[in-house]
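K.L.:
predicted model follows, preceded by the sequence.
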Amino acid sequence: MELYITELSKYVINLLMAFYAYESFAVFRYREESRRNGIYTRQNMLMLSIHFSCFMVICFETGDISYLFFYAFQQMVLFATAVLFHMVYPRANRLIINNMCMLLSIGFVILTRLSYEKAVKQFVIVSVSIAMAIIIPFFVHKLKFLKFLTWIYAAAGIAALSVVLFLGRATYGSKISYSIKGVTFQPSEFVKIIFVFFLAGALYESASFFQVAVTAAVAGIHVVILVVSKDLGSALIFFTVYVLMVFVATGNRLYLLAGAGGGAVAAFLAYKLFSHVQVRVQAWRDPWSKIDSGGYQITQSLFAISSGGWFGLGLFEGTPQSIPFVEADFIFSAIAEELGIIFAMCLILVCISCFVMFMDISLKLNDRFYQLIAFGLGVTYIFQVFLTIGGGTKFIPLTGVTLPLVSYGGSSVMTTLIMFAVVEGLCMVRADEEQESRGKGTERKRPEGKGGMGSAKNADDVEEEQDGRKGKRRNSETAGEKRKGRKDRENG
Amino acid sequence: MDPGRNNKNGIGAPVMAVTYLFVAVFLGMMFFVCRYAVVNRQDLLNNSYNGRQQLLSSKNRRGTIYARNGEVLAKSDTGENGKETREYPYGNMFAHAVGYATHGRAGVEALGNYYLLQSNAPLSEKVSMDAAGAKYIADSVYTTLDVKLQETASKAMGVYRGAILVSEVSTGKVLAMVSKPDFDPNKIEDIWDSLVADNESGTLLNRTTQGMYPPGSTFKIVTALEYIRENPENYRDYRFQCSGSYSDGTDRINCYHGQSHGDEDFARAFAKSCNAAFADIGVGLDKRKFEDTLEGLLFNRELPVNIVYSKSHIEVKPESSNAEMMQIAIGQGTTGMSPLHLNMITNAIANGGQVMKPYLIDRVENSIGTVIKQFTASAAGDLMTPEEAEALKEIMRGVVEEGTASRLKGLSYTAAGKTGSAEYSNVKEESHAWFTGFAPASEPEISVTIIIEGAGSGGEFAVPIAKRIFDAYFGVS
């Protein structure tokens, strides 16, 4: 009887997950959030079903009903998150929240299977983080001065990273964490957000060559500190985010080329200088001849992924524990082994769906600062997903970063939850902008008309524009016009 | 004025570009992951570092290995103490073909390990096994091996060391695979240490695939092919006056036991296995073209098989001396060849130039006999043109009719082949006895490749074994 249920559930879980992944892209068919409500509700149902099915299998496989209590708590938090966010911020984007909950629930399931103790710890951190994260959209929405703290972000980021470098605790050769009273932090995670704010602020002020050079120096300090701390994964993320944000802010492809060239040189130097980089690269090129030295993790990871097949071995049926650091760096391989390659591919699709929605929000925003934030956070997120999944599957060399929201790791999951919450805040900024422009539209018909909240805010904006940022405005205007002109020609 | 609008237009294109870039990279990565996992699934499971083998064998009782007619070659039983034992009913007879599954794996046990570990038993059966507290029954492997041929070959070789490979020409199915000295896989636990410690006899070596022997006169097939290729119109006009040896300066090649063959043409030189004539031919060959031919025949290259084997080696260079070419032409010198490789070349000749990929596993069935996977014959490439194959077939037929393999003459079936007596020592006059050939000559069905170490001449010692195998196959008593 149990066997029928566990065998059947493999197919059911994969099918439900495929549906979920489908829905997370079906959303983009509709422009207005209001028309997507049906999809969102279906997504919530699917998430609850997958989560329930997985825990049912866990109970059957272990014969331990007490997992149901843990399940109930998880279910409450996930459900509450999906519902509460929507209630508190009706104008926020529900796809991001749904995907966030989906990824969290997958993380809960696989962590419960791998280590009950770690799963409980993760659950507590997630609960606290969500409670915190739920107020963040409000602040992002209301605190207009966030734009002007550029250099404070830079100082804070560098300071936080330096603290780890000088006082941090080395784990497996990398100095990445810092403990205060028994609570271990990994500041490079949180600094990712601050770094995006810094870049957005700086490039919002001006996208001139001088400004790019100054931000390059600050970004360079971040990256160098991380490299010295031997946290190469984070260093790579910071570098990539910097290059892509500069490219987007300036619209100049030369920066992209320069970044790629610089990155190639830096990668080459890192390969020549650091033996641990060489080990990683060699283990990537040919892990099989080096199983005993550098290739052990990656080969175990590949064993896991391939042994599961399309539908997986089923929870508790595989041996994902044979991969060192499976809960953090190789969670994707554990998922592929026990829940199946199809499930794992759908998981990737859900991550892409988040990223595409971040980009969509960035495009819809009018204010450049917020645009850059949405873009920067999106790139930070998806690039980290790329590093961890690519590294664990021998697509690229291994860098040892976590899969956001799924992997075990308090700082990582908290940071990602904050990132998602910030983007929700941006959604409300966007809603304001929409209202404003509608307001303006009617206003223009009345010459010199002033009055009401919307127009007052408008006046502020105009003042801001006038103080000292005219140059940049002009530049971007002409650039915009040029592009428009090109488009017109294409149309004609 | 709405500066935001302009910004939006300014940012749109780069953001879209970055979005597409990431989506494209991710799609590429997804494809890579799926492909890698599926394509390499068996290799990954068979890797000794993969602990999932233990996991599977703790869940499933290792599958049974069958011969082509359903005889059990290896099976697992659970003893009263719950310990699983592997039984090989034929003992030594299939030692190398079926192999062993402890202390590493060999033979079909290694080749089919992936299937022998997995259980595709129906769910209802698994449920009842669960209830009984028993392991699931893993899938069975049906091999291409034929018990009768294997038995004949094994008995015919007797106490000699050597290798016999029998295969089906049109499919590449391996029908018999005998390598001696052999061992009893039932006792592998007890004899393992002494087998490993024994450096001299190489008992664990599967000589059919891993043995590296000087091909001796069987290599004249290759030399003949090259001569035919270089002289497609007039190779039949070749004439040689054999006085028992061939000299080039101080270098000299003798015919077997110094026999002189007198006046001979190409076919007769081949049939009599005249070393002097082939040394003469060898000296005259175009070395560059010969190199190409050798490469085309898979010398110094990987063979298209997934059995463990050794790569044949030969050294023909543009600067090779006449003395070297004389040795190479008659299969002596530094050339080394596996019986498997020679059998593949023989099959190509018998099959109109095209060689089939040799294989040992016919199909995989689950516990109730449903076919899980069916293996089919697949071509591994053309080693020669149909005309060349026909020409070689004709002179190999001559070897039986009027040459060194005359013990196969005048039977109810017609055979063709080539003998060899490969000298392996510079001091002693001893030689390995070779024969490679096929039958029936007109429509070849099976081929045999035989090497008996240190027995003497191929015609005397290897050909009679070939006869016994052909007799067994064609049902001649």
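P.N.:
Nice, I can see it.

K.L.:
would you mind giving the domain segments of chain A?
P.N.:
Under the assignment automatic domain parsing, the domains of chain A span A:1-134+A:290-368+A:379-438, A:146-273.

K.L.:
how far out from the middle of the chain is stretch A:144-161?
P.N.:
20 Å (C-alpha atoms, centre = their mean, to the nearest Å).

K.L.:
pull the CA atoms of the helix or strand containing A:Val356 into PDB?
P.N.:
In this assignment (DSSP states H and E), A:Val356 forms part of helix A:341-364. Presented in PDB, the C-alpha positions along helix A:341-364 are these (Å, rounded to 0.1, in the frame of the first residue of the first chain):
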ATOM      1  CA  ILE A 341      15.100  15.800 -13.100                       C
ATOM      2  CA  ILE A 342      11.800  17.100 -14.400                       C
ATOM      3  CA  PHE A 343      11.100  18.600 -11.000                       C
ATOM      4  CA  ALA A 344      14.600  20.100 -10.900                       C
ATOM      5  CA  MET A 345      14.100  21.600 -14.300                       C
ATOM      6  CA  CYS A 346      10.800  23.100 -13.200                       C
ATOM      7  CA  LEU A 347      12.600  24.500 -10.200                       C
ATOM      8  CA  ILE A 348      15.000  26.300 -12.500                       C
ATOM      9  CA  LEU A 349      12.000  27.600 -14.500                       C
ATOM     10  CA  VAL A 350      10.500  29.000 -11.300                       C
ATOM     11  CA  CYS A 351      13.800  30.800 -10.600                       C
ATOM     12  CA  ILE A 352      13.800  32.200 -14.200                       C
ATOM     13  CA  SER A 353      10.200  33.300 -13.700                       C
ATOM     14  CA  CYS A 354      11.200  35.400 -10.700                       C
ATOM     15  CA  PHE A 355      14.000  36.900 -12.600                       C
ATOM     16  CA  VAL A 356      11.800  37.800 -15.600                       C
ATOM     17  CA  MET A 357       9.300  39.400 -13.300                       C
ATOM     18  CA  PHE A 358      12.000  41.500 -11.700                       C
ATOM     19  CA  MET A 359      13.100  42.600 -15.100                       C
ATOM     20  CA  ASP A 360       9.500  43.400 -16.000                       C
ATOM     21  CA  ILE A 361       9.100  45.500 -13.000                       C
ATOM     22  CA  SER A 362      12.400  47.300 -13.800                       C
ATOM     23  CA  LEU A 363      11.100  48.100 -17.300                       C
ATOM     24  CA  LYS A 364       7.700  49.300 -16.000                       C
END
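
K.L.:
does it reach chain B?
P.N.:
Yes: using C-beta under 8 Å from any C-beta of the partner chain, helix A:341-364 reaches chain B at A:341, A:344-345, A:348, A:352, A:355-356, A:359, A:362-363. In this view, the C-beta of every residue, glycine as well, is placed from N, C-alpha and C.

K.L.:
burial count for the nearest residue to B:Ser58 once chain neighbours are set aside?
P.N.:
Taking C-beta to C-beta, 6 or more residues apart in numbering or on different chains, and ignoring the residues beside it in sequence, B:Ser58 has B:Lys135 as its nearest neighbour in space, at 7.9 Å. Per other C-beta atoms under 10 Å in any protein chain shown, the neighbour tally for B:Lys135 reads 20.

K.L.:
which of the domains of chain A sits most buried?
P.N.:
Greatest average neighbour count among the domains of chain A goes to domain A:1-134+A:290-368+A:379-438 (a mean of 21), per mean count of other C-beta atoms under 10 Å in any protein chain shown.

K.L.:
worst mean pLDDT among the domains of chain A?
P.N.:
Lowest mean pLDDT within the domains of chain A: domain A:146-273, at a mean of 86.

K.L.:
what's the span of that domain, first residue to last?
P.N.:
Using C-alpha to C-alpha, to the nearest Å, one end of domain A:146-273 lies 39 Å from the other.

K.L.:
check stretch B:178-190 too.
P.N.:
Stretch B:178-190 stretches 22 Å from its first residue to its last (C-alpha to C-alpha).

K.L.:
all strands of chain A, in order?
P.N.:
For chain A, the strands defined by DSSP state E occupy A:169-171, A:174-180, A:183-185.

K.L.:
for chain B, what's its nearest residue on chain A.
P.N.:
Here the residue of chain A nearest chain B is A:Asn366; by C-beta to the nearest C-beta that distance is 3.0 Å.

K.L.:
tell me the mean pLDDT over stretch B:358-375?
P.N.:
Mean pLDDT, computed over stretch B:358-375, is 94.

K.L.:
how much space separates A:Val227 from A:Pro397?
P.N.:
15 Å (C-beta to C-beta, to the nearest Å).

K.L.:
quick one, longest helix in the chain?
P.N.:
Since you didn't name a chain, this refers to chain A. If you go by DSSP state H, chain A has its longest helix at helix A:410-445.

K.L.:
ah, I was thinking of chain B
P.N.:
helix B:3-39.

K.L.:
just checking, next helix/strand downstream of that one?
P.N.:
helix B:41-46.

K.L.:
any part of that following helix near chain A?
P.N.:
Yes: with C-beta under 8 Å from any C-beta as the criterion, chain A is reached by helix B:41-46 at B:41, B:44-45.

K.L.:
equivalent analysis for stretch B:351-368, please.
P.N.:
No: contact of stretch B:351-368 with chain A (C-beta under 8 Å from any C-beta) is absent, the minimum separation being 14.9 Å.
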